[in-house]
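Trainee: I would like to see how this sequence folds:
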Amino acid sequence: MTTSRTSLKVMAIISICAGCSGSGGDGPAGPTPTPTPGMGSLRVDISTSGTNLDPDGYNLIVGSTTRAAPLNGSVTFTDLTSGSHSVTLDGIAPSCSVPTSGPRSVTVNTGQTSVMVFQVTCSTKPIVFVSTRNGPEQLFLMERNGNGQIELTSTASTNRDPSWSPDGSRIAFVSTRDGNEEIYIMNADGTGLKRVTNNSGSDRDPSWGPSNRIVFTSDRDGNDEIYSTVDEGTTQVRLTNNTAKDHSASLGNAIVFVSNRDGNDEIYRMDADGSNQVRYTNNSGLDGAPSWSPNGETIAFHTSRSGHLEIYLIDANGTNLRRRTLDGDVESQPRWAPSGIEMTFVTSLGTNDEVCVGGLSGGAFNISNNSARDFRPAWR
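Mentor: This next block holds a predicted model:
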C-alpha cells in the first residue's frame, strides 16, 4: 500500500438493495433465513481509471474495521449494526484523485445491503503554472500532487498565461522577451521556441483548442479584442469588433470570453468564427477566466458577485448556474483536469496565491506550496 497519502474527498453513491432468498424448482420453498436482529450489510464498489494506477490497491475503513480493497471490484462488510457508519477509502496514491470529500457516512438497515461506490481517477499529466519564486514571472511544471516542480523558462522578461496544445506536446504562452507581450509556442520540456505573433500591440491570454486553433486577446487595433489563428500565426483573424474590451477567451467547440460591452465584465459565448455572440451572465460583480470542460458540457469561471472571487459552473447553454467554492474560500482562475471530475485553480491564502486542485463541489488541496506567488495554472 502507498504509505504517504493525501487526504482526498470521496464520491459516494448510496442505494439500498433488498436481500433475496428462497429456492427454485417445483418443490416447496425452503425456510427463509432470519436476519440477525439489528444487523445488515454494506457492499463497497470501487472503480479506478486513468494512468499510473497504484498496483497495491487501497485500504477500506468502515468504523474500526480495515480491509484491503482492489482497484476495481467490490468488498462486502457483513454483520454491521443497523444505523450510520463511517466509510473511508484510504491508501490512494498521490497521482490519483476522487471528486468529493470523505470520510462519508452510510446508513445500514436490518436485513438489507447498502451500496457505496468510490470512483478514482489517476493521472501523471502535469500542470504548468506561473510563479514569481525566482524573480519575474516564469513558467513552471509540476505533477498533480505538487511533486517534481521544475522551471521551464528562465529569462529576464516575464513569461505567463500558459495553455496546452490539444495533444499535450506543446505549450502556448505570453512573453515580453522581445520588448512587448507576444504569443509564443514551445515544447512541453521548454525547447523548440517559436514566436506566433509580432506586432506593437499587446497579445496575451492564448487558448489552444481543437483543429490546432489558438484564440487570444490583442489590443493591436486600439482596444482589447479576440483574435484567432489556425496556422500558428501565419494568418490571424479578428473575431470581435466593438468599443468595449473583449478578452480571456477559452476555446472548445465554441468560444467563451469576457466582455464589458454591457457595463461590466460578463461571460459571453460565440461560434468559432465570431458569429452568434450571446451573453451568458448578468450581475453586478465581475465575471472572468472562463474555461471549457473536456467534454464541452460545462464552463467554469470566477466571479466577484459575493464580494470576493469564487468559482462558479454553468452549463454549455448558459443555464444551471451553481457555485463550486465553499463559504469563506477565495478561488480564481479555474482550469479543468483531463478527467473532467476535478480542476486546478488559484486559492488566495492571506497575501499569497497558491495553485490548488479540488473536486467540482468544493474544497482545495495546495500543491504549489511556496512563499512566492503561484498562479495561472493549466492542466495537460
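
Trainee: CA only for contacts and neighbour counts going forward, please
Mentor: Will do.

Trainee: pretty sure Phe140 sits in a strand.
Mentor: Yes: assessed by DSSP: H, G, I helix; E, B strand; the rest coil, Phe140 belongs to a strand.

Trainee: neighbours of it, how many?
Mentor: Phe140 has 25 neighbours, counted by other CA atoms under 10 Å.

Trainee: and it, what pLDDT?
Mentor: On the pLDDT scale, Phe140 is placed at 97.

Trainee: tell me the secondary structure for Ser211?
Mentor: Reduced to three states by three-state DSSP, Ser211 is helix.

Trainee: contacts only, for it.
Mentor: The contact partners of Ser211, by CA atoms under 8 Å, 6 or more residues apart in numbering, come to Val230.

Trainee: please report how far the most centrally placed residue in the chain lies from Arg324.
Mentor: Nearest to the mean C-alpha position of the chain, by CA atoms, centre = their mean, lies Met343 at 1.3 Å. Separation of Met343 from Arg324 (CA to CA, to the nearest Å): 11 Å.

Trainee: my read is the residue nearest to the centre of the chain is in a helix, agree?
Mentor: No: assessed by three-state DSSP, Met343 does not belong to a helix; its assignment is strand.

Trainee: what does the model give the closest residue to it other than its chain neighbours for pLDDT?
Mentor: Nearest-residue entry for Met343: Trp336, 4.2 Å, with adjacent residues in sequence omitted and distances by CA to CA, 6 or more residues apart in numbering. Trp336 carries a pLDDT value of 97.

Trainee: adjust the sequence numbering to begin at 879 for everything that follows.
Mentor: All set: I'll call the first residue 879, so the last point we hit is now Trp1214.

Trainee: Glu1220 is in contact with Trp1214, correct?
Mentor: Yes: contact criterion CA atoms under 8 Å: Trp1214 and Glu1220 qualify, at 6.4 Å.

Trainee: which other residues reach stretch 919-931?
Mentor: With contacts defined as CA under 8 Å, 6+ apart, stretch 919-931 is touched by 948-958, 971, 973-974, 986-987, 989-1002.

Trainee: so what's the gap between it and the chain middle?
Mentor: Distance of stretch 919-931 from the chain centroid (CA atoms, centre = their mean, to the nearest Å) equals 20 Å.

Trainee: Gly1026: neighbour count?
Mentor: 12.

Trainee: can you tell me the helix or strand for it?
Mentor: Following DSSP states H and E, there is no helix or strand that holds Gly1026.

Trainee: contacts only, for it.
Mentor: Contacts of Gly1026 by CA under 8 Å, 6+ apart are Leu1019, Met1020.

Trainee: okay, domains of this protein per the record?
Mentor: Following automatic domain parsing, the chain resolves into domains at 893-903+910-1000, 1005-1257.

Trainee: ranking the ones you listed by burial, who's on top?
Mentor: domain 1005-1257 (a mean of 20; mean count of other CA atoms under 10 Å).

Trainee: following element in sequence after the worst-scoring helix or strand of the chain on mean pLDDT, please.
Mentor: Sorted by mean pLDDT, DSSP states H and E, the helices and strands of the chain end with strand 893-896, the least confident at a mean of 36. For strand 893-896, the following helix or strand on the C-terminal side (DSSP H and E) is strand 917-928.
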